[in-house]
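In: compute the structure for the input listed below.
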Amino acid sequence: MTDVVIEPGTPPAPNGAHPNTLGPPVDGTPTTNGAPREVASEFYMPDLIEAEVPLGGRVVVVSDLHLAPIPTDASRIVADELAELLGGWSGPGAFVIAGDGFEMLAGSPDIGAILDSHPQFADALSAFAHQPDHQLIVLSGNHDGQLAWDGEAVATLRDRLGMTGIAFACDLVIATAVGVQRVHIVHGNQSDPYNAFDDPRSPVDTPFGHHIVRDVLPQLAARQHPGSLFDGVQWLDGEPAGFVSSRLFYRKVIGKFWLLTTPFVAALLLRFLTFIPGFGTLLKHHSQRWMIAFGLLVVLIIVVAVVAALATMFRVNKALREGTLNERADPVTHNAPPRTEASRLVAEGYAGMISGHTHVPELSVVGNGFYANTGSGTESTVAQPARWRLPKPYVSARRFSYVEMLAGDVLVVQTPGGGGFGAA
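Out: The predicted model follows:
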């Protein structure tokens with residue numbers, strides 16, 4: 001767990017921020033919690049909302065849960081942990097799903113089915129949101145970007161969960177004993193050129209990443225089997241070029257090293273044949289020397305072929321790494337754009353900024369404030385360190401992390417969980 005303590009500052013009052021409410025337009029039809037029902041066709045997602053957190057309050061921010069209509073082992077584990085967290089909540093506070101909480105891109109965009117497939121989480125959210133001094137805020141990301149224009153999905157979240165606010169971004173105004181702190185929360189996909197929307201309120205705006213998720217990954221997933229070249233590609237967190245070069249090396253080249261044993265097996269076989277009566281006379285004179293020379297020639301050919309294959313793979317790996325599609329090839333740079341934005345906000349008087357999207361948890365001091373990344377709550381295929389300049393191996397792991405803030409004498413920011421809950 002990492003903690004950052006933020007000293008008091010003078011928070012700015014941003015223009016265009018709306019209070020934490022779903023707001024008009026409404027048609028007057030009551031929902032399950034007594035609030036008027038929003039007209040789906042007239043729904044308008046605000047750019048920014050504000051939510052106040054009183055002294056002694058608590059805030060938990062999660063993102064990138066990617067809960068789908070068909071649950072997985074990873075989603076069940078995360079849903080259980082979050083249900084336990086919400087069930088043990090005491091005091092005022094806010095629970096923020098900061099984008100990509102719901103998988104509406106890779107699968108069926110059915111919010112009702114997603115909630116039905118994770119009932120423990122849905123029930124815990126509803127029970128939390130209906131308690132006094134509790135707020136449930138949902139921000140849209142790129143995998144659940146449909147929330148920005150689908151009023152029926154938003155109405156489902158409000159009816160079934162008691163959601164109190166939804167927007168593209170949220171400013172939390174947090175009271176502490178030494179002053180008010182303002183923290184900006186956003187999903188973060190707009191900092192990624194491959195997943196940024198030009199008009200997020202338009203159903204026909206589909207960033208490049210949408211086509212990868214909807215058109216390319218399903219084709220690759222359909223051809224997967226354990227040990228295949230693209231096994232786990234749909235959960236890749238990193239640069240595709242590095243993933244491909246790594247899998248080619250470890251699963252196609254290294255896997256063929258058994259061919260080096262062929263000449264030795266042949267030599268042993270010939271040696272055993274000499275014990276057969278009558279066969280030894282055939283190997284008299286120079287024939288044995290010719291066979292040994294032939295065996296050495298086979299070894300030489302195989303060694304040259306292996307060296308050439310390795311050299312080619314290293315060159316391919318280098319070329320792919322140098323021709324990366326984006327900065328996500330290096331985990332150190334995953335959060336560089338939002339960290340830069342956090343630095344700008346801190347200079348304007350914010351206490352800090354929280355985002356998600358990259359699936360890389362982080363808590364860093366930025367100037368007099370902080371930058372935090374929620375990480376994710378899903379299965380991921382991630383690169384591991386390698387030695388001797390070999391390609392980094394990619395393995396599957398189940399990860400879960402979030403950001404927590406405590407409004408006490410000062411604002412305390414921490415990242416419980418450590419980011420993982422087992423290997424897959």
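In: so this structure: which segments form each domain?
Out: 3-209+327-414, 251-322 (automatic domain parsing).
In: which of the ones you listed has the highest mean neighbour count?
Out: When you average the neighbours per residue for each of those (mean count of other CB atoms under 10 Å), domain 3-209+327-414 leads with a mean of 19. C-beta here means a position set from N, CA and C on the backbone, and glycine is covered the same way.
In: can you check which of the domains of the chain gets nearest to residue 216?
Out: With CB to CB as the criterion, residue 216 lies closest to domain 3-209+327-414 of the domains of the chain, at 10.2 Å.
In: average pLDDT across the closest one?
Out: Averaging pLDDT along domain 3-209+327-414 yields 85.
In: same check on stretch 299-307?
Out: The model assigns stretch 299-307 a mean pLDDT of 73.
In: okay, it in CSV with CA atoms only?
Out: Once non-C-alpha atoms are left out, stretch 299-307 reads as follows in CSV (Å, rounded to 0.1, in the frame of the first residue of the first chain):
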residue,chain,number,x,y,z
VAL,A,299,25.2,-30.9,-37.1
LEU,A,300,26.9,-28.0,-38.7
ILE,A,301,23.9,-27.4,-41.0
ILE,A,302,21.5,-27.5,-38.1
VAL,A,303,23.7,-25.2,-35.9
VAL,A,304,24.0,-22.7,-38.8
ALA,A,305,20.2,-22.8,-39.3
VAL,A,306,19.5,-22.2,-35.6
VAL,A,307,22.0,-19.3,-35.4
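In: can you tell me the closest non-neighbouring residue to residue 373?
Out: Nearest non-adjacent residue to residue 373, counting by CB to CB, 6 or more residues apart in numbering: residue 362, 4.2 Å away.
In: in contact with that neighbour, which residues?
Out: By CB atoms under 8 Å, 6 or more residues apart in numbering, residue 362 lies in contact with 335, 339, 371-373, 375, 415.
In: would you list those residues in JSON lines and tack on secondary structure?
Out: Output for the contacts of residue 362, formatted as JSON lines (DSSP: H, G, I helix; E, B strand; the rest coil):
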{"residue": "335", "secondary structure": "coil"}
{"residue": "339", "secondary structure": "helix"}
{"residue": "371", "secondary structure": "strand"}
{"residue": "372", "secondary structure": "strand"}
{"residue": "373", "secondary structure": "strand"}
{"residue": "375", "secondary structure": "coil"}
{"residue": "415", "secondary structure": "coil"}
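In: for residue 195, give me its contacts.
Out: So residue 195 contacts 142, 189, 207-210, 357 (CB under 8 Å, 6+ apart).
In: which one of these sits closest to residue 197?
Out: The closest of the contacts of residue 195 to residue 197 turns out to be residue 207 (CB to CB; 6.1 Å).
In: which residue, neighbours along the chain excluded, lies closest to the closest one?
Out: Using CB to CB, 6+ apart, the closest residue to residue 207 is residue 195 (5.1 Å).
In: quick check: which element contains that neighbour?
Out: Secondary structure assignment for residue 195, by DSSP states H and E: no helix or strand.
In: now it. Its backbone dihedrals?
Out: When quoted as degrees, to the nearest 10, the phi and psi of residue 195 stand at phi -130, psi 10.
In: correct me, but residue 183 touches residue 172?
Out: Yes: the criterion here is CB atoms under 8 Å, and residue 183 meets it with residue 172 at 4.6 Å.
In: mutual contacts of these two, please.
Out: Residues touching both residue 183 and residue 172 (CB under 8 Å, 6+ apart): 59, 405.
In: returning to that earlier point: next, format the contacts of residue 362 as a markdown table and append distance to residue 178.
Out: Shown next, in a markdown table, are the contacts of residue 362 (distance: CB to CB, whole Å):
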| residue | distance to residue 178 |
| --- | --- |
| 335 | 28 |
| 339 | 26 |
| 371 | 21 |
| 372 | 20 |
| 373 | 26 |
| 375 | 29 |
| 415 | 23 |
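In: between those residues, which is closest to residue 72?
Out: For those, the nearest to residue 72 is residue 375 (17.4 Å; CB to CB).
In: just the helices in the stretch 51-200 of the chain please.
Out: Ranges of helices in the stretch 51-200 of the chain, per DSSP state H, counting those that start in this stretch, are 73-87, 111-117, 119-129, 151-161.
In: make a markdown table out of these and add distance to residue 394.
Out: Listed next are the helices of the stretch 51-200 of the chain as a markdown table, based on distance: least, CB to CB, whole Å:
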| stretch | distance to residue 394 |
| --- | --- |
| helix 73-87 | 17 |
| helix 111-117 | 28 |
| helix 119-129 | 29 |
| helix 151-161 | 34 |
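In: out of these, which is closest to residue 343?
Out: Per CB to CB, nearest to residue 343 of these: helix 73-87, 30.2 Å.
In: helices or strands up against the closest one?
Out: Helices and strands touching helix 73-87, by 3 or more CB pairs under 8 Å, 6 or more residues apart in numbering; DSSP states H and E, are helix 119-129, strand 377-383, strand 394-400.
In: of all these, which one is nearest residue 89?
Out: That would be helix 119-129 among these, by CB to CB, at 6.2 Å.
In: contacts for that closest one, please.
Out: 67, 78-80, 82-83, 86-87, 89, 95, 115-116, 134-136, 160-164.
In: which among the helices of the stretch 51-200 of the chain is found nearest to residue 48?
Out: Among the helices of the stretch 51-200 of the chain, helix 151-161 comes nearest to residue 48, with 16.5 Å by CB to CB.
In: restricting to C-alpha, output the closest one in PDB.
Out: Extracted C-alpha coordinates of helix 151-161, given in PDB (Å, rounded to 0.1, in the frame of the first residue of the first chain):
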ATOM      1  CA  GLY A 151     -30.200   7.200 -22.100                       C
ATOM      2  CA  GLU A 152     -31.900   3.800 -21.500                       C
ATOM      3  CA  ALA A 153     -28.600   2.300 -20.200                       C
ATOM      4  CA  VAL A 154     -28.200   5.300 -17.900                       C
ATOM      5  CA  ALA A 155     -31.700   4.900 -16.700                       C
ATOM      6  CA  THR A 156     -31.000   1.300 -15.900                       C
ATOM      7  CA  LEU A 157     -28.000   2.200 -13.800                       C
ATOM      8  CA  ARG A 158     -30.000   4.800 -11.900                       C
ATOM      9  CA  ASP A 159     -33.100   2.500 -11.400                       C
ATOM     10  CA  ARG A 160     -31.200  -0.600 -10.300                       C
ATOM     11  CA  LEU A 161     -28.200   0.900  -8.500                       C
END
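In: picking up where we left off before, looking at the helices of the stretch 51-200 of the chain, which is nearest to residue 386?
Out: For the helices of the stretch 51-200 of the chain, the distance to residue 386 is smallest for helix 73-87, at 25.4 Å, taking CB to CB.
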